[in-house]
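*Asks:* The following comprises the amino acid sequence and a computationally predicted model.
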Amino acid sequence: MPLHLNLIHEIEQAERARQRDPLKLSLWGLGLIGACFASYYFLQLAKMSVIAQEYSRKKAAFDSIEPKAKAAKAREDELSEKLRTSGNLVQRIEGRFYWAPVMEQLITLVPREVQITKLAGDVQGEGVKKCRLTLDGTSAGLDPRKVAEDLRAAIAESFGSKYKNVKSSFRALEDGIEMVKLDGESRPTATFAINVELQSGEEAPAAPAPRTKKK
């Protein structure tokens, strides 16, 4: 029977042991994991580079638009101020008090027995205008005081049909010292001063109260 001798069996056992070495397998596994992490890192780095480039591009576009946006905002503020000023002016013009209708109405009430010697007027307020009118004059007739009283009452009635809170009262009413010719006859006179107060315009509507949320 032939005899077989294996002189390198120890070397082969060592080689097989090295191939099965757990430490070597672990190192290979760690190397593979490290390679995966490195690949992931470079992938994220590439994404961040793309994001940074996009940010730089958009920031440059924004920087080029920002001065135009500021100029447009300044122009908008300027136009808004002009519109507000114009609106206030129009509101004041539309809401102003006209004396011409008052004078026209007053002229129709003054009889021929009355001579107005002084007339003054004043108006105050924005929305609701409170007007004050003063008339000084002389009345003549058989009863000059009654003539002046009739004028005062006529003013209160006539103005009351057009304006609000009309008040017509005598500040003074005295017998005159002079006689005047009326219809060819001498008549006694009286001097008077009438204060007329009236209200024109409307109150501005009150701002609605803020709604409260129900709990």
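*Replies:* Received it, and whenever you're ready, just let me know what you need.
*Asks:* Break the protein down into its structural domains.
*Replies:* Domain segmentation of the chain under automatic domain parsing yields 12-95, 99-200.
*Asks:* rank these by pLDDT, which is bottom?
*Replies:* The minimum mean pLDDT among those belongs to domain 12-95 (a mean of 74).
*Asks:* and that domain, how far out from the chain's middle?
*Replies:* 40 Å (CA atoms, centre = their mean, to the nearest Å).
*Asks:* In CSV, list the domains of the chain along with mean neighbour count.
*Replies:* (Each C-beta comes from the backbone N, C-alpha and C, glycine too.) Shown next, in CSV, are the domains of the chain (neighbours: other CB atoms under 10 Å):
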stretch, mean neighbour count
domain 12-95, 10
domain 99-200, 15
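*Asks:* Longest strand in this protein, by number of residues?
*Replies:* In the chain, assigned by DSSP state E, the strand with the most residues is strand 164-182.
*Asks:* Neighbouring strands - and their directions - for that strand?
*Replies:* If you go by DSSP bridges, strand 164-182 pairs up with strand 185-200 (antiparallel).
*Asks:* Point to the residue nearest the middle of the protein.
*Replies:* residue 84 (8.1 Å; CA atoms, centre = their mean).
*Asks:* quick one: that one is in a helix?
*Replies:* Yes - residue state for residue 84 (DSSP: H, G, I helix; E, B strand; the rest coil) corresponds to a helix.
*Asks:* and the gap between it and residue 72?
*Replies:* Distance of residue 84 to residue 72, computed by CB to CB, to the nearest Å: 19 Å.
*Asks:* Residue 103 now?
*Replies:* 51 Å.
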